[in-house]
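[1] Pasting a predicted model and its sequence here:
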Amino acid sequence: MTLQVDPRFLDAGEAALVVEFGDTVDPVINDRVLALDAALCADPPVGTREFVPTYRSLMIHYDPLQIDRETLIAIVRRMMTGLTEWRGEGTIWTLPCCYDPALAEDLDEAARILGLTRDDAVALHTKATYRVYMCGFTPGQIYLGGVPEQLKISRRATPRPPHPAGAVSIGGGLGTVVPFVMPTGWYVIGQTPERLFAAERQDAFLIQAGDLVRFEPIDLSTFRDLAQRAASGEIVARKRAA
């Protein structure tokens, strides 16, 4: 399948161009974003600085002194001609996740709102396979589609106090894993000992857009052991080719 949909080109200030393929969280739209991202990364036009894929668009940061907007749009249009849908070499990650009450601070509340038991919510969360649509807001943070319908919950009206690093959360019909301590409007239903971002690693960002994620339940004792190993630099998540 080729990229038939004509995207919108939107300015983001004077040095960034947003190529927008749609207005929903959809794997077909996200495939188009990743296809264009891969093409531009393989052959970056002179004057471009960075490409940032999101759920439904690609932001292109560029130097307006080296390349103007209309030239950049023309290059993007040429690249899209005959470009196939993204079929990158994604990775399937299995992230250990502890759902113990000591770490899953909002699990009981979310389960109650959804009309589920704690055990049912955990079972639903661990049986699903999630697509990483984008990374961002904080370094290494992943945004996940594929949340089961029974687990889809609105975000909080007001943010809750800071959650721990590695918080596994749901909200707005989506999922996320956040590597840093910060307030959130999402519901924290678990915690992973894995570090999704580590500046000292050769690959600082562990998981990329287009990868798939599953969660494997672990008890509190196992979490503490894996957290120590992760802190020493070991990657405790498992991966295999998609």
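    It's in. Numbering: from 1, shown residues only.
[2] and Asp23, what does it touch?
    Arg56 (C-beta atoms under 8 Å, 6 or more residues apart in numbering). Quick note: C-beta positions are derived from backbone N, CA and C, even for glycine.
[3] er, Leu174 I mean
    Val25, Tyr143, Leu144, Gly145, Val147.
[4] Let me know the pLDDT of it.
    Model confidence at Leu174, given as pLDDT, is 97.
[5] Most neighbours among the contacts of Leu174, which one is it?
    Sorting the contacts of Leu174 by how many neighbours each has (other C-beta atoms under 10 Å) puts Leu144 first, at 24 neighbours.
[6] And it, which helix or strand is it part of?
    strand 142-145 (DSSP states H and E).
[7] who does the helix or strand just after that strand touch, helix- and strand-wise?
    Downstream of strand 142-145, the first helix or strand assigned by DSSP H and E is strand 160-163. Here strand 160-163 touches strand 182-184, going by 3 or more C-beta pairs under 8 Å, 6 or more residues apart in numbering; DSSP states H and E.
[8] Centre of the chain to the strand it packs on, how far?
    Taking the mean of its C-alpha atoms, strand 182-184 sits 17 Å from the chain's own mean (C-alpha atoms, centre = their mean, to the nearest Å).
[9] neighbouring contacts of that strand?
    By C-beta under 8 Å, 6+ apart, strand 182-184 touches Thr138, Pro159, Arg160, Pro161, Pro162, His163, Ala167, Ser169, Gly171, Val178.
[10] from those, which would you call buried?
    His163, Ala167, Ser169, Gly171, Val178 (16 or more other C-beta atoms under 10 Å).
[11] I'd assumed Ser169 was in contact with the last one.
    Yes - with the criterion set as C-beta atoms under 8 Å, Val178 and Ser169 qualify as a contacting pair; they are 6.9 Å apart.
[12] returning to what we had before: and which of the buried ones among the contacts of strand 182-184 is nearest Gly13?
    Closest approach to Gly13 among the buried ones among the contacts of strand 182-184 (C-beta to C-beta): Val178, at 26.6 Å.
[13] Need the CA coordinates for the one helix or strand Arg77 maps to. PDB is fine.
    Per DSSP H and E: Arg77 is located in helix 69-80. Below are the C-alpha coordinates for helix 69-80, written out as PDB (Å, rounded to 0.1, in the frame of the first residue of the first chain):
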ATOM      1  CA  ARG A  69       9.500  26.000   4.100                       C
ATOM      2  CA  GLU A  70       8.300  25.500   0.500                       C
ATOM      3  CA  THR A  71      11.400  23.700  -0.500                       C
ATOM      4  CA  LEU A  72      11.100  21.400   2.500                       C
ATOM      5  CA  ILE A  73       7.500  20.700   1.700                       C
ATOM      6  CA  ALA A  74       8.400  19.900  -1.900                       C
ATOM      7  CA  ILE A  75      11.100  17.400  -0.700                       C
ATOM      8  CA  VAL A  76       8.600  15.700   1.600                       C
ATOM      9  CA  ARG A  77       6.100  15.400  -1.100                       C
ATOM     10  CA  ARG A  78       8.700  13.800  -3.500                       C
ATOM     11  CA  MET A  79       9.800  11.400  -0.700                       C
ATOM     12  CA  MET A  80       6.200  10.300  -0.200                       C
END
